[in-house]
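Undergrad: build the 3D model from these lines:
(2 chains)
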There are 2 protein chains.
Amino acid sequence: MNGLIEHTLRGSWTSSGASAAPLSPRSLRWLRQRTGLAEMTTPAVPASLLEVAGSALPEAARAELAALIGEQQVLTEPASRLGRAGGLSYSDLMRRRGGTEFAVPDAVLLPTDPELVQGILEICVRHDIAVVPFGGGTSVVGGVDALRGDKVAVVALDLAQLDRLVSLDPGSRIAVLQAGMRAAEAESLLAAHGFTLGHFPQSFERATIGGFAATRSAGQAAAGYGRFEDMVESVRLATPVGEWRLGVAPASAAGPDLRQLAVGSEGTLGVITEVAVRVRPAPVRSRYEALVVDGWQSGVDAVRALAQGRVLADVTRLSDVDETEVQLELSGALKAGALKTYLRGKGIRQPCLLVLGWDAASRAELKLRRSATLNALRGIRSVRLGRPVGEAWRSHRFSGPRQRDALLDRGVCVETLETATHWTGLSELRSAVRTALVRSLKVGGKSPIVMCHISHAYETGASLYFTVLAPRNADPIGQWQRAKEAASDAIAGRGTITHHHAVGADHLPWLGAEIGDIGGKVLAAAKKAVDPTGILNPGKLIRPAR
Amino acid sequence: MNGLIEHTLRGSWTSSGASAAPLSPRSLRWLRQRTGLAEMTTPAVPASLLEVAGSALPEAARAELAALIGEQQVLTEPASRLGRAGGLSYSDLMRRRGGTEFAVPDAVLLPTDPELVQGILEICVRHDIAVVPFGGGTSVVGGVDALRGDKVAVVALDLAQLDRLVSLDPGSRIAVLQAGMRAAEAESLLAAHGFTLGHFPQSFERATIGGFAATRSAGQAAAGYGRFEDMVESVRLATPVGEWRLGVAPASAAGPDLRQLAVGSEGTLGVITEVAVRVRPAPVRSRYEALVVDGWQSGVDAVRALAQGRVLADVTRLSDVDETEVQLELSGALKAGALKTYLRGKGIRQPCLLVLGWDAASRAELKLRRSATLNALRGIRSVRLGRPVGEAWRSHRFSGPRQRDALLDRGVCVETLETATHWTGLSELRSAVRTALVRSLKVGGKSPIVMCHISHAYETGASLYFTVLAPRNADPIGQWQRAKEAASDAIAGRGTITHHHAVGADHLPWLGAEIGDIGGKVLAAAKKAVDPTGILNPGKLIRPAR
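TA: Numbers count the residues shown, from 1 in each chain, chains lettered A, B, ... in the order given. Modelled structure (predicted):
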């Protein structure tokens, strides 16, 4: 228990839950030169120094909740509550570093089974208490912010103790997992039976099964294993009007697919307590390698050829020139200058890194699939960097959050955002977002570093993932908010406001451009049907019906 | 225009819109022996002999509609109205053969563009007129029955003249098609640009793009091309509260996937007017062949191995012993007795036909994919029947409706139903449905013929498609309704009530078992939001909010 709290607390205090990886002096020098960075060290403020208002949870409600789930499962001391105050967006992290005020839940509830979640909702309806479902706490869009709405108090419903493998059907290849199970734990439990889920988002080390389902997560190997919503066979939700189970077959024409309404509902239509997921035999062979292609458009053409030829590697990831440069500079693994010279000799003037990774059930399958992928790239000028660079990417693929902490420590504004659109509009979308970010983050003639990669490709289009590095100014949260607004305005009408980060509170202003007023009304009506008093995750995803 | 009306009329009068294929004397003899069939010839009653009540469409509404879309686009004479009275279920067809009363729309509206559909809905809201969107009229679940609900009149909104290819984006491989375009026409228009949609349900010759989207259709080559909902990039709907467009990117985490709420909404949440679909280059090579495996379970193991090995042929179709026997007997293509003897010599005592078909972009791809499929079958005893049987299946794959007409002409009760579930429960589901159908259709010691095949396989499960042949009794509609009820009761709790036929009016009683009371409430709430007065397709899919 204490271990758990400590872990969650520590975990959410920095991005990674581990010590920040130090930046090499060389990397720092390069960053200073490139961005005009003036260091502003801002370590995270120890929780003990923060003032946290007393819990507003009415004693009657607390007592009922404690009677239901146990005294020890209802936490009201400041440290526990701070540990569930928000997620991992740049703003969340800067608030903690700056000690700025932010919303803290009035209590943390730790139910141990789905029935108790149902019971909690009933009590919270009766006492008019807002409920924020909390999994790994890795939201970067304000999805777990402790917003109270018009309720008398707000609790974080931490699903960490719903962490069981409920059942495994090897014949149908379906595992039923409780919502609070972390991805890493799920992989290790499934591996014991020879299976894998194959879902590896950057948040892998902390994020949970329920969180993946609630946010339509997409893992780095989604080209091979599918997005999380493609893996969901069925879901079990607790709602204020009762338990709701959806999904009885791999496919159905029994009306609209309500699973796809529950998936992506971000805790606003119910608390996901169990998810039945499709699993696959754990791969016995895998191979990661890297190529360099010449220029962004050439890379896009390559990825499109793979997607439309249906020979994508399970991981297919194309970085633009800026991201390629930064990856090479900051990784320290390669001599960036020497590599550039080498590539120039091969006719590559605008190096763009293309990482490819395959998981396979046999050496033969690996060989076959790898040939199919590489054959499809024949018409595109590329230089193979081989396995070391590919494997280096693989071994660091969850370390982004740690790198980020190191950058924050040094006064860098570092944040990401993502979108997706159809192939024909992809380059225009990239330019529009780049321009918006560069303009809004330019300081004294120095431009920020705006990097972009394609992380997910489909037959009809692809995602774009942007990472920004800029010198922080005196109002870091406002600085980023303006940049984010500019980028989001550029996205609206050109692509989706989010490909896999979800809506939360941060993307809500742009959702209307995507689903229309009618879409907003439909969501509000669905919410009213399952959550008549609006206790579930207020302020996220759905605006209340007027 | 007249051609169109005639076609629709003729088309809906029999299943196929063409003369019934005669049954050979040999087939008839076999049927008589097998089922105890006593012939009851019941040809379709000519429309001119049917009494049709006068149109209840108020003159004020008719005039407004005519002013909007043109006098000639509002049809009120009996023949046109009869042509849109119901779909192609056994009950629909028997009603026409028996001249029994059935619901006829008060008018047929033929708008020529999406804006006019929007205008029609506004007029119908104002005059409180129910609207039944009508595409190919191939519903077998009462989805286009002209139910009036509590409205003053009911119109069939026939989308036949929304039949344009709006745009084609070859780079993103997306075609925007109007909803009334028939699949066959879409294929021929796309073929001119080198593309295919790849959607080939048995209703291919008549069904429309909008109908596919509205009902979550699944084509015979869905293993290769995906179900229709997988192909939908975006949809445009007319609703009583305004136009609604959904879908801006190939994938998104912007909340629940509302496209998947529109897809499958069966005309109850809006009238789909345009669909952007993913297309693929038209295959240049294809190959269809057949194998025989020994017994149902062995066949299921084979199909499961293909699905889980992700080496399914684009068409993968396993018939059980009864269906295999009937196919061989009724096709007349093979000497059934001689084949059985041959198979017995090869150790196949319970022949189950497995049809496999591949579409490929090149000879090399075809070879590669075919080897992968056949390799995965190595461990399963099978006898290859080669291409003739496979190609025979292919060339007759849309002729089921014609065969059916011939059977109906001879007094046979012939109907189909379908479901899907996970692999582990598949055989139990098949037995339960079989038992229910045999019991309820047994007459005087003679059992009906109940055939079953797997038409669609997934990693986690498969669909089951049942075809019933039974001697008709004196109350044919009641006879089938009791059998359908028994089968549906057997399905509830074991699988989905429909894998690709949709809910319509006929499956509505069993929908609750699948999506829960809460699911029903959510659908009703969504409907209330977009169709506050409930004019859209009353009595189908959604029960009004109480």
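
Undergrad: could you pull up the mean pLDDT of stretch A:517-526?
TA: For stretch A:517-526, mean pLDDT is 98.

Undergrad: by proximity to chain B, which residue of the stretch 51-200 of chain A wins?
TA: residue A:172 (4.0 Å; C-beta to the nearest C-beta). Using the backbone N, CA and C atoms, a C-beta is placed for each residue, glycine as well.

Undergrad: which residues does the residue lying closest to residue A:294 once chain neighbours are set aside contact?
TA: Take residue A:294 and drop its neighbours on the chain: the residue closest to it by C-beta to C-beta, 6 or more residues apart in numbering or on different chains is residue A:348, 4.6 Å away. Contacts for residue A:348 (C-beta atoms under 8 Å, 6 or more residues apart in numbering or on different chains) come out as A:292-294, A:381, A:383.

Undergrad: and the gap between residue A:348 and residue A:341?
TA: Residue A:348 is 11 Å from residue A:341, where distance means C-beta to C-beta, to the nearest Å.

Undergrad: repeat for residue A:37
TA: Residue A:37 is 27 Å from residue A:341, by C-beta to C-beta.

Undergrad: who has more neighbours out of the two?
TA: residue A:37 (22 against 10; other C-beta atoms under 10 Å in any protein chain shown).

Undergrad: my read is that the more buried one contacts residue A:411, right?
TA: Yes - look at residue A:37 against residue A:411 with C-beta atoms under 8 Å: they come within range, at 6.5 Å.

Undergrad: now the common contact residues for those two.
TA: In contact with both residue A:37 and residue A:411: residue A:471, using C-beta under 8 Å, 6+ apart.

Undergrad: hmm, which two among the contacts of residue A:348 are most spread apart?
TA: Pairwise distances across the contacts of residue A:348 peak at 9.5 Å for A:292 and A:381 (criterion: C-beta to C-beta).

Undergrad: between those two, which one's more packed in?
TA: Neighbour totals were compared for residue A:292 and residue A:381, and residue A:292 leads with 24 against 14 (other C-beta under 10 Å).

Undergrad: and the pLDDT at that one?
TA: 96.

Undergrad: that one sits in which helix or strand?
TA: Counting by DSSP states H and E, the element that carries residue A:292 is strand A:285-294.

Undergrad: which residues does residue A:322 contact?
TA: Contacts for residue A:322 (C-beta under 8 Å, 6+ apart) come out as A:449-452.

Undergrad: the longest helix in chain A is where?
TA: Longest helix of chain A, by residue count under DSSP state H: helix A:508-530.

Undergrad: for residue A:421, which non-adjacent residue is spatially closest?
TA: residue A:495 (3.4 Å).

Undergrad: those residues of the stretch 101-250 of chain A touching chain B, which are they?
TA: Neighbours of chain B within the stretch 101-250 of chain A, by C-beta under 8 Å from any C-beta of the partner chain: A:169, A:171-174, A:215-218, A:227, A:229, A:233, A:239, A:241-242, A:244-246, A:248-250.

Undergrad: of the residues you listed, which belong to helices?
TA: A:215, A:229.

Undergrad: show me how to select, in ChimeraX, the buried members of the residues of the stretch 101-250 of chain A next to chain B.
TA: Typed into ChimeraX, the line below selects the buried ones among those, using 16 or more other C-beta atoms under 10 Å in any protein chain shown:
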select /A:169,172,173,174,215,216,217,218,227,229,233,239,241,242,244,245,246,248,249,250
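
Undergrad: which ones among the residues of the stretch 101-250 of chain A next to chain B map onto strands?
TA: If you go by DSSP state E, these have A:169, A:174, A:233, A:239, A:242, A:244-246 in strands.

Undergrad: now chain A, which segments are flagged as low pLDDT?
TA: A:1-22, A:99, A:330-334, A:546 (pLDDT under 70).

Undergrad: and the gap between the residue in it sticking out farthest from the centre and residue A:355?
TA: Distance from the C-alpha centroid of chain A, by C-alpha atoms, centre = their mean, peaks at residue A:345 (38.6 Å). From residue A:345 across to residue A:355, the span is 22 Å (C-beta to C-beta).
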